[in-house]
Each structure stands twice: as C-alpha cells, then as structure tokens.
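any chance you can model this:
(one chain, ligands or ions: 1)
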Amino acid sequence: MNDSMRRAAAILLVILGGVALWWAESGAPASASANDAMVATIAAARERAAANDVRLKPASRFEEGGWIYVHLEGDPGAMGYQHGYLLAPEIEDAFAAVSAGMMHSTERDWEFFRKAAHEMLWPKIDAEYQQELQGIVEGLRARTGSKLDVDDIVAFNAFEELPDYYVPWLNKQQKTAKAPNLKSPGNCSAFVATGSWTKDGLIVMAHNNWTSYRNGERWRIVFDIAPKNGYGILMDGFPGVIASDDDFGINSDGLMVTETTITQFEGWDPDGKAEFVRARKALQYAGSIDEYTNIMLDGNNGGYANDWLLGDRKTGEIAQLELGLKAHKLWRTKDGALAGSNWARDPKVLKEDTPQFDPANKESSPNARRSRWDKLLKENKGKIDVALAEKMLGDHADTAQHKEEANERTLCGHVDGSPRGVKEWDWQPYYPGGAVQGKATDATMAKEMRMMARMGHPCGGDFLAKPFLAAHPEYAWQKPYLRDMKAGPWTEFRSGQAPKE
Ligand SMILES: [Zn+2]
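Now for the predicted structure:
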C-alpha cells in the first residue's frame, strides 16, 4: 500500500466509524432530521480525518486586526493542500462573490470561464503551480466536501485577467453583437521611495488596494509562504488565489514588490502565460529587479497589466516596470520616489496599449491622484517613513476640486461617495468600490520579513452595506455578496509569526 492509499483507507475508516457511531446513537434514519444528522456526522468525521493529514503539520492559521494570517510550507502540492484546507470557508465564500461578478459584467456563464481556464491557461502553467492549484482543490474538498474542481479554481485565480482583458479581446475578435462595455480595472494607489527621499535613506514602500467592496472586504489574507524551492514570501492576498493579486509582497532575498493597474489597457495574448502565475513566480524566484522583469516578461499575456513598483533592499535601488503587452519600459534609480495611481507614462505604452487613456484630463481619478502623489511626496522629501506612508494611504485631498473630500479622486478612494463614478473603469456613479485595505513596509522591516497592514479604508472609515443598498437600489444585484467593510487597526505581521496567546 502506498502513502496515498493508506491515507485514503484511514479516512474511510474514520468516516465509517462516524457513521457506525451515528447509527448506534440514533437507530434507523427515519426522518429528514436524522438524515441531516448523518450528513453532519460524516462531515465532522471527514474534517477530523483531514485534520490529521501529515501535509497540514507545518501549516497554521490565526486572525488578527481583521486579517487572517496563514503559514504555508513545503512542496507545492502540500502548500496547496494547506491553503485549501485552512481557508476553505473563505474560499467557498470568495468564489461565490467573485464568480457572480465575473458572470454579471461579461454576460457569460461560468462554463465559459472554466473552458478558458482549462484550454487556454492550464497548459501554460508551470508544473509546480499546477500542483499547488490541485492541492488547493484537495484541501478544500477534504475540509468541506466542496464540489469545486481545478478548472473552477484556475478560472477563479484569473479573476483579474479573464473578465476584463480576455473577454473584451474575444468580443472584438468574434465581433460579438451588443458586447458589454468591459473596461480593464484601475486598482490601487502606491509608491516606493529611496535615498534622499526617505527618513533613513533606505527603501519605503506602501500600497492601498482599490477594488469593489464586494471583493475587497474579502481581500484580507496575510500569506506567509515557505516554499521548498525559491525564496520565502510575506504578502497580502485573496483566499484561494496563489498570487498576492493586488499586489504587495516581500521576499527573503530582499525584493520588495507592489503595483498599480494601467487604466484603459487593451490587449490579450491567448498563447501567453497567465499573469497570476508570472506574478507569483516572480515574487518567489526573483532576487533582483532584472530577474523580476525577466520573469514577468516571459510569456507576457497582457492580462492584468500593471505598473510594477519594485525595490531591492540589498542595493537600495527602486524601479518602475510599466508592463504593457505591445510595449513596456523600466525606470530605475537609487535616489527617488516612484508613485502609481493607474496611469501609464511611457509614450509607446500610452500609444500602443492604452489608446483611449487621456493623460491630460486632470479630473480623472488616475490623473488627480497622480498630481496628489507628486505634491505629497515632494512636500515630505527626506521625511518619508512607514508611519508617514500609512497616513498618505488615507489621504483625502482632491486635487481637481482643491478640497478635502473622500471621493474617487483621492489616494484613499471612496467611489461610493461620488456622483461621477470612474468612467475610465466603467464604475457608475456611487459604485461601491475604492480603497479596501492598505500595507506599508521599509527595508529594515523587509529584512526581518515584517510589514504593516490595515483592513478596510486606510483612513479608518467604515463602509456599511445596508444603508448603501437602501440608497442605491441599482446595486441590488450585489446584495447577497456585499457586506460591511469596517476598518481595523494598523497591524504588524511577520514571517513565522505565532498567534498571540
Ligand atoms: Zn478614506
């Protein structure tokens, strides 16, 4: 008998034991409630059996400050199993919310996304990430008996690239009649600074994640990853997704990584490699800005096209990788500040990859925030540290109106308060989206694999679903998934952290 057979036999015995015990206690299953009791008993037995799985031994989970911290360790299959098992309830919940959003915006059914995952994405995923994704399915099933399979999980991992990059490209190819107006997302406000710009002369990096509140309220995982191969990773992330995806992470070789998404990006390469795979691989295997750039360019599919803000704490150098599909550009410096708020700046990227984007419109969210970053970073040159970065992420200065007002143009985004919405992303007036959480770190913290994170609006404001839906019935379709998003405290996390006693 091999290991997996032994494990299967052991699980079966426990399940049978559970059934026998139930049978002895309750007699014949004569009613629906008796049947429910049997189902519950079997589920509990399955969970007990899975909890004894040797693959779970190095893994752990605890909650703090509104975040769920999980430690994953080992070979790819084991890390996937730990991920699926430890976050099973959150994955089921996030899958329901995300898949509903993907189908709603694209007017495509779920089978369409499963097929895209299976036929287009899966064959180009590196073997180790295929194993990790399969592991997630196994862990999830062991814990909850979930019906989700690997095609579901791959499509779900690609939720930032399939609906808003692949589908519009496909609609154009197929000349789809009455195709929905799909726009690539414009998520996040971020910066990385170094040299004479920071208080200690070393790198400081900060990011807030902009997304729908529906997804953002669920973007509350801190992943501490100790892979068998590659570098250790500390990153924020989404349940069931193998990349940070919003993105904010550091690795044990000194790389510091974040990004903001390029607004009005157009393009997709069906023969390329999924962005979520390249982004995870780059954070796990790159020890330098050059290595990071090479991994992101290898098989670039144009999906979830970002302006990557990078730092190498070993050299003090920072960089911006503007990763278009047809064009890209890398800027780097050991003395400067690089900010992002969803605008491209390389003339070639602007012309070839974002033909609709207007860099001159001072009233748009990306450009108004660009001008705010510019002013805020210059005003604070030489004083920037993590504490100041946290404040900046909660900034409410609207440069278009020259006043303080939390809206779609402020670094801490509150689009639910804006009668304008963000037309560049097809976010309608009062769209329930904006800054959903924030993170910050510096070179000293990164060396010790530490970072600060705050769940909810980085300014500390709460979003409450019930009064919002009452005031905006046009978003009623989100009701089953839209929840309160209350801000937590700024909380420190580090690799290898144990829960507080
Ligand atoms: Zn705010």
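
from here on, just use CA atoms for contacts and neighbour counts.
Fine.

phi, psi for the spatially most central residue of the chain please.
In the chain, the residue lying closest to the centroid (C-alpha atoms, centre = their mean) is residue 245, at 3.2 Å. The phi and psi values for residue 245, taken as degrees, to the nearest 10, are phi 80, psi -10.

wait, residue 299 touches residue 273, no?
Yes. The pair residue 299 and residue 273 qualifies as a contact (C-alpha atoms under 8 Å) at a distance of 4.9 Å.

compare those two (neighbour count), which wins?
Using other C-alpha atoms under 10 Å, the more surrounded residue of residue 299 and residue 273 is residue 273, with 24 against 16.

tell me the bridge partners for the more buried one.
When bridges are called by DSSP bridges, residue 273 pairs up with residue 300.

who touches it in this structure?
Counting by C-alpha atoms under 8 Å, 6 or more residues apart in numbering, residue 273 touches 121, 124, 125, 298, 299, 300, 301.

before we move on, what about residue 332?
When contacts are counted by C-alpha under 8 Å, 6+ apart, residue 332 touches 317, 318, 319, 320.

repeat that with 10 Å
Residue 332 sits next to 289, 309, 310, 311, 317, 318, 319, 320, 321, 338 when contact means C-alpha atoms under 10 Å, 6 or more residues apart in numbering.

ok, and of these, which contact the ion?
For the ion, no contacts are drawn from those by C-alpha under 5 Å from the ion.

touching, residue 346 and residue 262? I think so.
No. Using C-alpha atoms under 10 Å, residue 346 makes no contact with residue 262, being 11.4 Å away.

so for those two, which sits in the more crowded spot?
Counting neighbours by other C-alpha under 10 Å for residue 346 and for residue 262 shows that residue 262 has the greater number, 32 against 15.

contact residues of the stretch 1-150 of the chain facing the ion?
Counting by C-alpha under 5 Å from the ion, no residue of the stretch 1-150 of the chain is near the ion.

please work out which residue of the stretch 1-150 of the chain is closest to the ion.
Shortest the stretch 1-150 of the chain-to-the ion distance, computed as C-alpha to the ion: residue-wise this is residue 66, at 17.1 Å.

the stretch 51-200 of the chain now?
The nearest approach of the stretch 51-200 of the chain to the ion comes at residue 189, 12.0 Å away (C-alpha to the ion).

can you check the pLDDT for the closest residue to that residue other than its chain neighbours?
Spatial nearest neighbour of residue 189, chain neighbours left out: residue 341 (4.6 Å); criterion: C-alpha to C-alpha, 6 or more residues apart in numbering. With respect to pLDDT, residue 341 has a value of 97.

picking up where we left off before, can you pick out the most distant pair from the contacts of residue 273?
Taking C-alpha to C-alpha, the two most distant members of the contacts of residue 273 are 121 and 298; they sit 14.6 Å apart.

who has more neighbours, the two?
The residue with more neighbours, out of residue 121 and residue 298 and counting by other C-alpha under 10 Å, is residue 121; that gives 23 against 11.

next structured bit after the worst-scoring helix or strand of the chain on mean pLDDT?
With mean pLDDT, DSSP states H and E as the measure, the helix or strand of the chain carrying the lowest mean pLDDT is helix 3-26 (a mean of 47). Read in the C-terminal direction, the helix or strand following helix 3-26 is helix 32-51, with elements assigned using DSSP states H and E.

other SSEs contacting that next one?
Counting contacts by 3 or more C-alpha pairs under 10 Å, 6 or more residues apart in numbering; DSSP states H and E, the secondary-structure elements packed against helix 32-51 are helix 3-26, helix 76-86, helix 127-144.

same thing but 6 Å
Secondary-structure packing of helix 32-51 (3 or more C-alpha pairs under 6 Å, 6 or more residues apart in numbering; DSSP states H and E): helix 3-26.

against residue 284, how distant is the residue nearest to residue 189?
With distances defined as C-alpha to C-alpha, to the nearest Å, the gap from residue 341 to residue 284 amounts to 25 Å.

which one of the two has more residues nearby?
residue 341 (32 against 25).

can you tell me the closest non-neighbouring residue to residue 297?
With C-alpha to C-alpha, 6+ apart, the residue lying closest to residue 297 is residue 323, at 8.0 Å.

the one you found pairs with what?
For residue 323, the beta-bridge partners are residue 328 (DSSP bridges).

what does the stretch 351-500 of the chain have sitting close to the ion?
Counting by C-alpha under 5 Å from the ion, the residues of the stretch 351-500 of the chain near the ion are 412, 459.

nothing else from me, thank you.
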